[in-house]
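> pasting the sequence and the predicted model now:
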Amino acid sequence: KSASGTEILDELAMEEIQSNGKKLILYTSADSVLQICGHEEVTGLDELYRVCQIAREITLKPEYKVGRVIARPYVGDSVGHFTRTSNRHDYALSPSSKTVLDVLKSNAFDVIGIGKISDIFNGQGITKSIHSTSSHEGMLQTIEEMKKDFTGLLFTNLVDFDAKWGHRRNVSGYADELEDFDVLLGQLLSVLDSDTLLIITADHGNDPTYKGTDHTRECVPCLMYSPSMKEHGILDDSSSFGVLGASVLDNFDLSKPSDLIGESILNLTK
């Protein structure tokens, strides 16, 4: 059934524990996802991942084509004290056609994914993947990678804004995460060179003050910055994320595949 990822644990985790891991928790949400929960110390990560791989194979059938199967490990021993861990793993569908990441990789550019980026694209178009246990760690990893010599795209996903605070409608936790991000963003800006373009965006809204637990529908931000920019201003709203993919390719003087939508807005930044 469709359920909140934390509420389902309070409802069913004790039954899994009492079954000694023979029963796993399976639930879904408004997205095209199938989520399977397993207790790390009872069921174990290896068994949870094995079951998810089987579920992934089943849901690849044309009549299902589920977008992602997500392994949701957790710990705890009583209702009200169950918590999900950072050992989540996403089993995604491979992209149906060539992506911006594929274009970059095929032209010998680096494509570094931090957080669950590699999972989202099922590893396609990625040259290096770095796992994060939190958004804080993801930012620290981003800062460290930016200090290294590479040419290409560094693609970071900060999942805690969504998973820990937005879906849980935890306003104070969201505020604390924003303050922590702000400090780390300052550190990131200090290591950017003049050839670097920084884009900050989100893949959907998740207003922590709104009702329910689902994604919310406000517009998402698009902030673009480079130390080489001489001016600042407000860009018009864009109709799709396609403009970002097109802008990334434009940044590296690469052509966009004809089946991808969006036009570059790089020429609007000065």
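Yep, that arrived.
> neighbours around residue 3, how many?
When neighbours are counted by other C-beta atoms under 10 Å, residue 3 registers 17. For the C-beta atoms, the positions are set from N, CA and C on the backbone; glycine is no exception.
> just residue 151 next, same as before
Using other C-beta under 10 Å, the number of residues around residue 151 comes to 10.
> hmm, it is touching residue 111, no?
No: contact criterion C-beta atoms under 8 Å: residue 151 and residue 111 do not qualify, at 10.8 Å.
> find the residue closest to residue 103 in space, skipping its chain neighbours.
Spatially, and ignoring its direct neighbours in sequence, residue 103 is nearest to residue 254 (5.6 Å; C-beta to C-beta, 6 or more residues apart in numbering).
> break down the stretch 51-200 of the chain into its strands, ranges please.
68-75, 83-84, 89-92, 110-114, 128-130, 152-156, 198-201 (DSSP state E, counting those that start in this stretch).
> note down every partner strand of the shortest one and its orientation.
What it means is strand 83-84. On the basis of DSSP bridges, the sheet neighbours of strand 83-84 come out as strand 68-75 (antiparallel).
> what sits up against the partner strand?
The contact list for strand 68-75 (C-beta atoms under 8 Å, 6 or more residues apart in numbering) reads 5, 9, 13, 25, 31-41, 45, 48-49, 52, 55-56, 59, 82-85, 87-93.
> hmm, which of these are the buried ones?
5, 9, 13, 25, 33-39, 45, 48-49, 52, 55-56, 59, 82, 84, 87-93 (16 or more other C-beta atoms under 10 Å).
> looking at those residues, which are in helices?
9, 13, 45, 48-49, 52, 55-56 (DSSP state H).
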